[in-house]
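Participant: next comes the sequence, and after it the predicted model I'd like to discuss.
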Amino acid sequence: AQSVAQPEDQVNVAEGNPLTVKCTYSVSGNPYLFWYVQYPNRGLQFLLKYITGDNLVKGSYGFEAEFNKSQTSFHLKKPSALVSDSALYFCAVRDMITATSGNTPLVFGKGTRLSVIA
Amino acid sequence: ETGVTQTPRHLVMGMTNKKSLKCEQHLGHNAMYWYKQSAKKPLELMFVYSLEERVENNSVPSRFSPECPNSSHLFLHLHTLQPEDSALYLCASSQGDRGPSYEQYFGPGTRLTVT
């Protein structure tokens, strides 16, 4: 079974400081990993994904994430946080092995609320 | 976000009412999804449609009934709901449900309150 954990319900960071939102995963094979952001009263918006290749993935709005296979992690990062980055962030995973053999749902974490303080 | 639209954005209904949620995608995708988002719980996948055929139903109560008349439209018909069904209902689409690397694009959601 595949699962994803976001250990922090809330992350607070000062504007201009670097931010990290943590995500760890568990799959049988190799993972496909995704980050989404949800602003108030909006749907989820795709930020970036890791499929294969470079462990450092760059996405929208200056966000990036680093795939670490040994630690089964895919933490979301940004060098300098903006107040407008305040939102709910979701990590999601799909198992590559079961995905290619049939329908496999995208499994989401419970979300981490990021608050950037001016 | 304008790629996937949902109506209505807000809905208040009694337990004996019948209502429908509508989703439309303008992205040329062939897979569509319904999710339920409740406070402090992970997103729950409810239904998946691929090429207008239902391919997944995650043990959702029969008071929720999906309909996918074509690849651009998805409905969720609601009847005799319970207060615990109050949540944000999100629609999403993707290029294919069998493409594991395809990201999903979400609509803004319908905030449902059951009284």
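Facilitator: That came through, no problem. Numbers count the residues shown, from 1 in each chain, chains lettered A, B, ... in the order given.

Participant: now the strands for chain A?
Facilitator: For chain A, the strands defined by DSSP state E cover A:3-5, A:10-14, A:19-21, A:24-26, A:31-38, A:44-50, A:56-58, A:64-68, A:73-78, A:87-95, A:107-108, A:112-117.

Participant: any chance of the ones you listed in TSV, plus mean pLDDT?
Facilitator: Below are the strands of chain A laid out as TSV (pLDDT from 0 to 100):
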stretch	mean pLDDT
strand A:3-5	93
strand A:10-14	97
strand A:19-21	98
strand A:24-26	96
strand A:31-38	94
strand A:44-50	95
strand A:56-58	96
strand A:64-68	97
strand A:73-78	98
strand A:87-95	93
strand A:107-108	90
strand A:112-117	96
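
Participant: switch these over to TSV; also include mean neighbour count and distance to chain B.
Facilitator: The C-beta positions use only the backbone N, C-alpha and C, and glycine is treated the same way. Converted to TSV, those look like this (neighbours: other Cβ atoms under 10 Å in any protein chain shown; distance: least, Cβ to the nearest Cβ, whole Å):
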stretch	mean neighbour count	distance to chain B
strand A:3-5	17	9
strand A:10-14	14	12
strand A:19-21	20	16
strand A:24-26	18	13
strand A:31-38	24	5
strand A:44-50	21	4
strand A:56-58	14	12
strand A:64-68	18	13
strand A:73-78	20	14
strand A:87-95	23	5
strand A:107-108	20	4
strand A:112-117	17	11
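
Participant: can you redo these as TSV with distance to residue B:106?
Facilitator: Below are the strands of chain A laid out as TSV (distance: least, Cβ to Cβ, whole Å):
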stretch	distance to residue B:106
strand A:3-5	17
strand A:10-14	22
strand A:19-21	19
strand A:24-26	21
strand A:31-38	8
strand A:44-50	4
strand A:56-58	20
strand A:64-68	19
strand A:73-78	18
strand A:87-95	10
strand A:107-108	11
strand A:112-117	18
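
Participant: any idea which helix or strand in chain B has the lowest mean pLDDT?
Facilitator: strand B:53-57 (a mean of 73; mean pLDDT, DSSP states H and E).

Participant: so what are the sheet partners of that strand and their directions?
Facilitator: Strand B:53-57 has the following sheet partners, assigned by DSSP bridges: strand B:44-50 (antiparallel).

Participant: point out where chain B drops to low pLDDT.
Facilitator: Within chain B, the stretches with pLDDT under 70 are B:1, B:56, B:97-101.
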